[in-house]
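Colleague: Okay, predicted coordinates and the sequence, questions at the end:
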Amino acid sequence: MKLHIPLLCACLVARAVIAAEEEGFTPMFNGRDLAGWTACNIAPETFSTRDGLVVTSGLPVGTLRTTKMYENCIIEFDWRHLKSGGNSGLFLWADALPATGSPFSRGIEVQVLDPGFNVPGKNERYSTHGDLFAVNGAALTPAGRISPNGKRSFPSEERTNPSPEWNHYRVVANNGDISLSVNGKEVTIAKGASPRKGYLMLESEGSEAHFRNLRIKELPSTNPKPEEIATEGDGYTPLFTGLDLRGWKVPEGDNGHWKVVKELIDYDAESESGMADKSLWSEREFGDFQLIVDWRLKETPFLNPGVYHILPDGSEEPGADGKPQPHPQPDADSGIYLRGLSKYQVNIWNWPVGSGEMYGVRRDAALPAEVRAAAVPRLRADNPVGQWNRFDITVRGRTVTVLLNGKVVLPGVTIPGLPERGPIALQHHGSKKDGAWNSAPSLVQFRNLFIRELK
């Protein structure tokens, strides 16, 4: 038998190259369960495993993230959509929690689109696959073929197979620079990402998609600055599935006024429940915790005659007659109840003092003056009506600390008598009589509810 020496050498070299490329990779999916991954703002069933695949139902829109952060790395995986025009993505270097009011975190997205998405007119903003772009305040410098708006790197050519065929992605993310190869050829590049260390995420966005052969090779660190590192999120668990009100006690007889609309908790303040308290209470009780809640007031239809200017000591500003002076204005009203009692409410409203005030504590004359004063916000940090806000509420022992939109509004109020444990609630407020509001209603929406229990 005669051997073809050049061909044999070429095959041996090719095998050596393949073997070298394999070195250093570790699997990101064990083929059985989602160990190493954690749900962000999604239902437990949004991502599952089946026949050695990671499967997303696409509902609700949200993400599954790694439990650890990554910096420089090479990521490889196969993907397919089960629906023509299906949409998904891989997030690089993302924050653990979604941005305020958004289903997605700050980070860099590698688009995972089926060719059926490319309908006339869409390509002015999107390509059919492999765009690289910054999301929710992240930074990225597009390169190569750039989108008309200058914000995205587009692939140089179309290389995706249509659903339900498989495609292969290889992403090299190093020192803030990114390249994407699709089915064996590099097609998209971008530069200068920030953050450049953070979590990796798989995206759920409307339809079923499958992933397999997920693996990663970590590369040497290039020492990112603190401002180039995403925010962590160890220990947070979602309190809202984005699909339904599992985990919450809907008031008996409510008749659908507490509902989920477009992946938001929506309330119209018109619950038909005959219960004294029509608020939405968590099924679980909590002791010490850190709570994240995004909220927005939809509108302020009620002219509230009893709005006051609250002074730093917790009293209401008097008029010329020495009595509290009202300042009527449009208003809406809701809040977060802590540890099972409405008295310990972190207010959501449109008063001049701002949201975050603890009305039941401030107005309790039996409490020490310093406690009542501590329940008054140090500043007004609310965004305008209709825009999203974020509460970051920490309850440790008997002390409550409140941040609103990243600003400290209650540095810490220590409340005598605050129970050790209890559920939390989203407040019902307001009622109608003869078609008109007779108090400020809870015309409010919530999303991105997360809790981290503290030791």
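Modeller: Now that the structure is in, tell me what you want to look at. Just so we're clear, the structure is a prediction, and the values are computed from it rather than from any experiment.
Colleague: so where is the protein shaky, pLDDT-wise?
Modeller: 1-22, 117-125 (pLDDT under 70).
Colleague: can you map out the helices along the stretch 1-150 of the chain?
Modeller: 5-22 (DSSP state H, counting those that start in this stretch).
Colleague: can I see the domain layout of the chain?
Modeller: The record's domain split for the chain, according to automatic domain parsing, is 25-234, 248-453.
Colleague: Which one, of those, ends up nearest to residue 242?
Modeller: Residue 242 sits nearest to domain 25-234 of all the domains of the chain, at 3.2 Å, using CB to CB. Every residue, glycine included, has its C-beta placed from N, CA and C.
Colleague: Can I get the domains of the chain in JSON lines including mean neighbour count and distance to residue 240?
Modeller: Below are the domains of the chain laid out as JSON lines (neighbours: other CB atoms under 10 Å; distance: least, CB to CB, whole Å):
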{"stretch": "domain 25-234", "mean neighbour count": "19", "distance to residue 240": "7"}
{"stretch": "domain 248-453", "mean neighbour count": "18", "distance to residue 240": "4"}
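Colleague: In CSV: these, plus distance to residue 242.
Modeller: What follows is the domains of the chain, written out as CSV (distance: least, CB to CB, whole Å):
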stretch, distance to residue 242
domain 25-234, 3
domain 248-453, 4
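Colleague: do you know which of those domains lies nearest residue 241?
Modeller: Closest of the domains of the chain to residue 241 is domain 25-234, at 3.8 Å (criterion: CB to CB).
Colleague: Residue 286 pairs with what?
Modeller: Listed by DSSP bridges, the beta-bridge partners for residue 286 are residue 422.
Colleague: Return the distance of the residue nearest to residue 162 when sequence neighbours are not counted relative to residue 446.
Modeller: Among residues not flanking residue 162 along the chain, residue 115 sits closest, at 4.9 Å (CB to CB, 6 or more residues apart in numbering). As judged by CB to CB, to the nearest Å, residue 115 and residue 446 stand 37 Å apart.
Colleague: hang on, the earlier thing: what's the distance between the residue nearest to residue 162 and residue 208?
Modeller: For residue 115, the distance to residue 208 - CB to CB - is 17 Å.
Colleague: ok, now residue 322?
Modeller: With distances taken as CB to CB, residue 322 is found 67 Å from residue 208.
Colleague: those helices in the stretch 251-400 of the chain, which residues are they?
Modeller: For the stretch 251-400 of the chain, the helices defined by DSSP H, counting those that start in this stretch cover 359-362, 369-374.
Colleague: if we compare those helices, which one ends up closest to residue 126?
Modeller: helix 359-362 (46.8 Å).
Colleague: Give me the contacts around the closest one.
Modeller: 310, 314, 335, 342-345, 347, 367, 371-372, 375-376, 413, 415 (CB atoms under 8 Å, 6 or more residues apart in numbering).
Colleague: make it 10 Å
Modeller: Where contact means CB atoms under 10 Å, 6 or more residues apart in numbering, the residues beyond helix 359-362 that reach it are 310, 313-316, 333, 335, 337, 341-347, 349, 351, 353, 367, 371-377, 400, 410, 413, 415-418.
Colleague: Hmm, residue 371 and residue 365 touching each other?
Modeller: No: the criterion here is CB atoms under 10 Å, and residue 365 misses it with residue 371 at 11.0 Å.
Colleague: which neighbours do the two share?
Modeller: Common contacts of residue 365 and residue 371, defined by CB under 10 Å, 6+ apart, comprise residue 314.
Colleague: Spatially, which residue comes closest to residue 352, not counting chain neighbours?
Modeller: The shortest distance from residue 352 to any non-neighbouring residue, by CB to CB, 6+ apart, is to residue 309 (5.6 Å).
Colleague: Revised request: answer the last question for residue 184.
Modeller: The shortest distance from residue 184 to any non-neighbouring residue, by CB to CB, 6+ apart, is to residue 168 (7.0 Å).
Colleague: Touching, the one you found and residue 213? I think so.
Modeller: Yes: between residue 168 and residue 213 a contact is recorded at 8.1 Å, counting by CB under 10 Å.
Colleague: Show me the common contact partners of the two, please.
Modeller: Shared contacts of residue 168 and residue 213, counting by CB under 10 Å, 6+ apart, come down to 76-79.
Colleague: and the spatially most central residue of the chain, what does it touch?
Modeller: When CA atoms, centre = their mean is applied to the chain, the residue found nearest the centroid is residue 98 (2.3 Å). Neighbouring residues of residue 98 by CB under 10 Å, 6+ apart: 40-41, 62-63, 104-106, 136, 292, 294, 390, 447-448, 450.
Colleague: Identify the farthest-apart pair in those.
Modeller: Top of the distance list for the contacts of residue 98 (CB to CB): 63 and 390, 17.4 Å.
Colleague: where exactly do the strands run in the stretch 151-300 of the chain?
Modeller: Remark: strands assigned in the stretch 151-300 of the chain by DSSP state E, counting those that start in this stretch are 152-154, 167-174, 177-182, 185-194, 199-204, 209-218, 237-238, 248-249, 258-261, 264-267, 280-282, 289-297.
Colleague: Which of those sits closest to residue 224?
Modeller: The nearest among the strands of the stretch 151-300 of the chain, by CB to CB, is strand 185-194 at 8.5 Å.
Colleague: quick one: that closest one to strand 177-182, angle?
Modeller: Calculated by axes from the mean of the first three to the mean of the last three CA atoms, to 10 degrees, strand 185-194 forms an angle of 150 degrees with strand 177-182.
Colleague: Could you figure out how far strand 185-194 is turned away from strand 167-174?
Modeller: On the basis of the same axes, to 10 degrees, strand 185-194 is oriented at 40 degrees to strand 167-174.
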